[in-house]
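S.K.: generate a structure from the sequence data that follows.
(2 chains)
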Amino acid sequence: MAKAIRQIEKTTPSSEELHDQDITALLKQIVENRQAISTSLNILNELQQTGVLDTLNGLLKTRVKVASIAMEQVNQPSMHNIIKNGFNTIEFLGALDPEKLKVILNAVSKGLDETSERIGQNEPIGLWGMMKTIRDPDVNTALSSMLGFLNGMGKEMGKGRTH
Amino acid sequence: MEQTKITFSIDNNEIQAIPGQSIFEAARDSDFFLPGICSTQPDLGVGVIQTCDTCYVEIDGELKRSCTTKAAPDMKVSSGSEKAKAAQLEGMSRILKNHELYCTVCDNNNGNCTVHNTAEHLQLNHQKYEFTPKPYPPDNSHPFYRYEPDQCILCGLCVEACQDLQVSEVLSIDWERQQPRVIWDNDVPINESSCVSCGHCVTVCPCNALMEKSMLGNAGYLTGIPKSVLEPMIDLTKEVEPGFKEIFAISNVEAAMREARINRTKTVCTYCGVGCTFEVWTKDREILKIQPQADAPVNGVSTCVKGKFGWDFVNSEERLTTPLIRKGEKFVEATWEEALSLIGEKFLSIKEKDGADALGFIASSKCSNEENYLFQKLARTVFKTNNIDNCSRYCQTPASAGLMRTVGIGGDSGTLEDIASSELILVVGANPAESHPVLATRVKRANKLAEQKLIVADLRKNDLAERADLHIHPKPGTDLVWLSAITKYIVDQGWEDREFLNSRVNRVEDYIQSLNKFTLEYAEDITGISKETLKTIATMIHEAKGTCILWAMGVTQHMGGTDTSTAIGNLLLITGNFAKPGAGAFPLRGHNNVQGASDFGTMPAWLPGYQPVENDEVRARFEKAWGTDIPKQPGLNNHQIVAAIQAEKVKGMYLFGEEMGLVDSNINFVHEAFEKLEFFVVQDIFFSKTAQFADVVLPAAPSLEKDGTFTNTERRIQRFYKVFDPLGDSKPDWEIFQDLANHLGANWNYSHPGEIMDEAAKLAPHFAGVSYERLEGWESQVWPVDISGKDTPLLYKDKFQFPDGKARLITVDWTPPFEAGADYDLHLNNGRILEHFHEGNMTYKSEGITSKVPELWLEVSPELAEERNIQTGSLVRLTSPYGHISVRVWVTDQVKGKELYLPMHTTEGKGAVNKLTSSYHDKITHTPNYKEMQVKMDVLEKDGESPLPHHNFRFGNPQPHIGVETEKKWKRSDFISIPELVEREGLIDGESNQAN
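M.R.: So this is what the prediction gives:
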């Protein structure tokens, strides 16, 4: 003889009971991860002492404001250039063949050595001397590679030209 | 039959193609990437739409679209030549003029963004045309999705999906304005349009222009960033222009990170019998979206509003999460142990005292095959009774019975493919556009694009009737008469399929004799349909190569429901419309597992697989497998159980997943019965009306919280996978049955539903080759499935399901419908509507759906409204001999004259149609005659708010046309074709001939 009823007595746990349940669950987790938690606490302690946590706390609390300000600063022409140049440089480095670059860099390094020696001697050189030096196989190699470099550079620069 | 393939080459790679395939399709099938944003969806309707211009390839020095150019033997195609590349890049650049790439902070950056992936593949590095915002704000008016014109690439996939796949014909691209955009109806906010919220447009959108609101700000790690930070970030990215390569690199990392927290799980929809499958995307317990996939065997990318957006109920706070036991005037929470002990003790004591048949078991057509299997095993083996039934008794049992009589199997004789490819569809007493929306899309599409003919017989001018080549309105409850008259006329004309009848059908002459009384004159007199119209229908059937008949509750919920279903079987047999593609009988199952619940044995006379419980050999097989004896006598069905409770013969009842207290007919009588029960167990996901009568309420888990299979209306078995853990202490229904059985010493040991299916497959020949391994992912099996796993999409190819393999024509006669008496002057029709499901316990939990349809209404014809001096918003009381309800009126010409229509969706019972219906029923199956009632109407208030808000699709203004109308784009003065531009700009430096 059961009439339709809607009354449901919910044995909703009191807030204290819920609290206790949560604490029990948390304690269990802590016990299971004792080492990780104790290490983390040490790290936190260090961060606290150095004031890093305070700074982070401030940043997080004002995150939207800070992010807006940061974006405003970043969104300036000079910053755009820095970022663009950054990207270009990275792209440039990415395009270089490390083997070739190594040869060049070694050569530059050796060249610098010679340079510093010459600076010490401070000897004047005449036109004839210069001509003679060009014939020197080492100098000749360097010069012709430089000309090659100029040639390549010119080609790239001329790419925009129409026929 | 394997077609011979042709071979051609793309960029010197050999590619195989089926003759007739386009270059794009052949490449796609061979996993060779060709760009083609507007070709990434399967054919939505008109085939290729040619809007994205990214798929150009070079053939013999000429640029051609790979999407429209057919592959030819030995053709040499170049996709990588300079000329082809230039064309593809031009196409992509035009798209990016309309679409800002901020992928990393975009919610659509989930690895499947077509625009992102195509741009990345093309290695487009800089934008040729500057992105320009369109002068339109985003449209956020709709509760479930938004349109952001600024991101819209104008590919028109959404338009194509709406016009030619869903065929709601709401979306267009207005190509004629300065800045084209997608518009709804004649350019109104989305929420005020005729949009039915099916979600097709959102699903096919290749970028983030159309997105589910549930995704916005939720899917990505950075997408929740407030606008004040986000906008400068996008500006910065644009300003610095690091090149798209870098943008893609970062966004790809972010997309990969999303995989760690977004789960994609396949599920099967539970909102009707069509059996749509799709992925559920979730983040913890939050549902981000429903993502259909082209691989889904039934629906592909299609969904309806409920399947796409109606899942909020799963996380509803109103879910039952702990067992409840009635103590005096209230329910108190209990442990599972307490609840199960009490159930065991009470049921066993009733069994001791009054016998096993004093117990009744009502199963659920919303729950899985495995759960239905276990429930009948529980009833039969633990409690030793066959008093078990499911809710197909309320809807579709007469259809099954009619088919079992004539062709032998109670199910659709073919699949959706047959419906889509048929030349003629005859819909009788069904409203698939609202009750089986995705199935209806296939009919609407074939009718719109493939010249399939459509005849609708219904009291209401519903969506399909509106589109039909012929809509007939027979007098209520007279379908058998006109169906038989057409059959007779066909025989009289000599149009019957003699060869088919001679070789495959029994009782032909007897049956033809029995048709004598069904002359056209008699039919016209009884049904009100003119002789000419009847002849037209007969001629259309005769002229069509194949006819499919689709029917539902307008046929079955009558006193002669089984007989009318039989008449449909007879008509199809006479015309030879079985056992061939594009023809057959399609009783449309209303709920997700109406077919499967009966298939897996929750019926009083049948063990799983339609094996008679009375048959000693069958029973012996089950008894051996189950290790216990089972009762021989068929038990009571739903209807008889209620009567037996009233007669104090059934005293204990166990019901799961069914709102019997609202959906059974004559519910005042049913409630009385519930009150008489000594002990009543109700298992549900919500505290339903039925649960209010229970002694113990058990909290169950919905489909998203368990594994299992459902069987759709096609007899197709499909797996669904667990998305979430059960909420609170709720449990999957199969676990609850097992726990109860084990409480009573049954010692069952199923650890996964797959093991239950294995057991059923061993015992039921229909399912011999069904297994979870074979149903992995998007795989499905249409039963009967033989032991090798071969399934049977089309039934009866070799034999009908009778010992001699021949079908039977069955003589039936018309049963005049119930008449309530002269006082009751209005006919009451009733049924479903698109937005809600069943009584509405699930769908009313969705805020968006409820905003579209907040309450019930009564459809009243304009004639009747004028006669009674009422209008939309008037409050009326309807009275039948069984009860009364009050409800607000919507005046619509969907209904005619003195016919009313009352939807069934109410959780409160205030407007419950079944307070008005009677306990009369189908003679054979005891299905209630829900559709046979007359009422009288009193006006309570003349003025009132419309029960249906203005922003409901029913008040929209659709704009039908075919496809996205790309020609209009090409006619624009600012349009230059890509090949022309490539030549003109000399983009390839006159060196095109070096290609290849």
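S.K.: looking at this, B:Ala585 is in a helix?
M.R.: No: counting by DSSP: H, G, I helix; E, B strand; the rest coil, one finds B:Ala585 to be strand, located in no helix.
S.K.: tell me how many other residues crowd it.
M.R.: Other residues lying near B:Ala585 total 27 when counted by other Cβ atoms under 10 Å in any protein chain shown. Any C-beta I mention is one placed from the backbone N, CA and C, and that applies to glycine too.
S.K.: so the spatially closest residue to it that is not a sequence neighbour versus chain A, what's the distance?
M.R.: In space, and not counting its chain neighbours, B:Ala585 is closest to B:Ser413: 4.9 Å by Cβ to Cβ, 6 or more residues apart in numbering or on different chains. Distance, B:Ser413 to chain A, using Cβ to the nearest Cβ, to the nearest Å: 43 Å.
S.K.: list the contacts of the closest residue to B:Asp739 other than its chain neighbours.
M.R.: Computed as Cβ to Cβ, 6+ apart, the closest residue to B:Asp739 that is not its neighbour in sequence is B:Leu340, at 5.9 Å. Counting by Cβ atoms under 8 Å, 6 or more residues apart in numbering or on different chains, B:Leu340 makes contact with B:Asp739, B:Leu740, B:His743.
S.K.: you'd agree B:Leu340 is in a helix?
M.R.: Yes: B:Leu340 forms part of a helix when assessed by three-state DSSP.
S.K.: in the lowest-mean-pLDDT helix or strand in chain A, what's buried?
M.R.: Scoring the helices and strands of chain A by mean pLDDT, DSSP states H and E places helix A:63-74 at the bottom, with a mean of 81. Buried residues in helix A:63-74, counted by 16 or more other Cβ atoms under 10 Å in any protein chain shown: A:Ala67, A:Met71, A:Val74.
S.K.: ditto for stretch B:523-535
M.R.: B:Ala523, B:Glu524, B:Ile526, B:Thr527, B:Ile529, B:Thr533, B:Leu534.
S.K.: got a list of contacts for that stretch?
M.R.: With Cβ under 8 Å, 6+ apart as the test, stretch B:523-535 has contacts from B:470, B:472-475, B:478-479, B:481-482, B:484-486, B:489, B:520-521, B:814.
S.K.: next one: stretch B:40-47
M.R.: By Cβ under 8 Å, 6+ apart, stretch B:40-47 touches B:114, B:157, B:160-161, B:163-165, B:204, B:206, B:294, B:300-301, B:445, B:448-449, B:962-963.
S.K.: distance from the chain centre to it, please.
M.R.: 20 Å (Cα atoms, centre = their mean, to the nearest Å).
S.K.: quick check: mean pLDDT of that stretch?
M.R.: The pLDDT scores in stretch B:40-47 average 85.
S.K.: span of it from start to end?
M.R.: 11 Å (Cα to Cα, to the nearest Å).
S.K.: in the helix or strand where B:Val670 lies, what counts as buried?
M.R.: Following DSSP states H and E, one finds B:Val670 within helix B:667-676. The neighbour-count check on helix B:667-676 (16+ other Cβ under 10 Å) flags B:Ile667, B:Phe669, B:Val670, B:His671, B:Ala673, B:Phe674, B:Lys676 as buried.
S.K.: just confirm the last one contacts B:Gln646, I think it does.
M.R.: The reference is to B:Lys676. Yes: taking Cβ atoms under 8 Å as the definition, B:Lys676 is a contact partner of B:Gln646 at 6.8 Å.
S.K.: helix, strand or coil: sort out the residue nearest to B:Ala585 for me.
M.R.: Going by three-state DSSP: B:Ser413 is coil.
S.K.: now do B:Asn516
M.R.: Classification of B:Asn516 by three-state DSSP places it in helix.
S.K.: with B:Asp418 instead?
M.R.: Strictly by three-state DSSP, B:Asp418 counts as helix.
S.K.: please work out how many residues are found near it.
M.R.: So B:Asp418, with other Cβ under 10 Å, has 21 neighbours.
S.K.: repeat that for the one 3 residues further on.
M.R.: Residues lying near B:Ser421 (other Cβ under 10 Å) number 18.
S.K.: list the contacts of it.
M.R.: B:Ala446, B:Pro581, B:Gly582.
S.K.: check B:Glu148 too.
M.R.: Counted by Cβ under 8 Å, 6+ apart, B:Glu148 has contacts B:Pro138, B:Asn208, B:Ala209, B:Leu210, B:Met211.
S.K.: and these, which of them are in helices?
M.R.: The helices, defined by DSSP state H, take in nothing from those.
S.K.: out of the contacts of stretch B:40-47, which end up buried?
M.R.: B:114, B:157, B:160-161, B:163-165, B:204, B:206, B:300-301, B:445, B:448-449, B:963.
S.K.: show me what from chain B comes close to chain A.
M.R.: B:225-226, B:228-229, B:232-233, B:235-236, B:239-243, B:246, B:324, B:326-327, B:329-333, B:661, B:671, B:674-677, B:680, B:687, B:689, B:692-695 (Cβ under 8 Å from any Cβ of the partner chain).
S.K.: just the ones of these in strands?
M.R.: B:Leu324, B:Arg326, B:Lys327, B:Lys330, B:Phe331, B:Val332, B:Glu333, B:Phe680 (DSSP state E).
S.K.: from memory the last one sits against B:Gly652, does it?
M.R.: When you say that, I think you mean B:Phe680. Yes: using Cβ under 8 Å, B:Phe680 is in contact with B:Gly652, at 7.4 Å.
S.K.: which single one of the buried residues of stretch B:523-535 is nearest to B:Ala399?
M.R.: B:Ala399 has its nearest neighbour among the buried residues of stretch B:523-535 in B:Thr527, at 20.3 Å by Cβ to Cβ.
S.K.: before we move on, back to that, which other helices and strands contact the least confident helix or strand of chain A?
M.R.: For helix A:63-74, the elements it packs on are helix B:227-240, judged by 3 or more Cβ pairs under 8 Å, 6 or more residues apart in numbering or on different chains; DSSP states H and E.
S.K.: could you list the contact residues of chain A toward chain B?
M.R.: So chain A meets chain B at A:1-11, A:64, A:67-68, A:71-72, A:74-75, A:80, A:83-84, A:87 (Cβ under 8 Å from any Cβ).
S.K.: in PyMOL, how would I select just the buried ones from those residues?
M.R.: Buried subset of those, written as a PyMOL selection, criterion 16+ other Cβ under 10 Å:
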select buried, chain A and resi 2+8+67+71+74+75+83
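S.K.: what about the helices in chain A?
M.R.: A:15-32, A:34-49, A:52-61, A:63-74, A:77-95, A:98-121, A:127-135, A:137-158.
S.K.: give me the pLDDT for B:Arg462.
M.R.: Residue B:462: Asn, not Arg. Reported pLDDT at B:Asn462 in the predicted model: 95.
S.K.: any low-confidence regions in chain B?
M.R.: B:1-3, B:241-242, B:987-996 (pLDDT under 70).
S.K.: tell me how it divides into domains.
M.R.: Here the domain parsing of chain B from automatic domain parsing is B:6-261, B:324-395+B:596-784, B:397-587, B:826-955.
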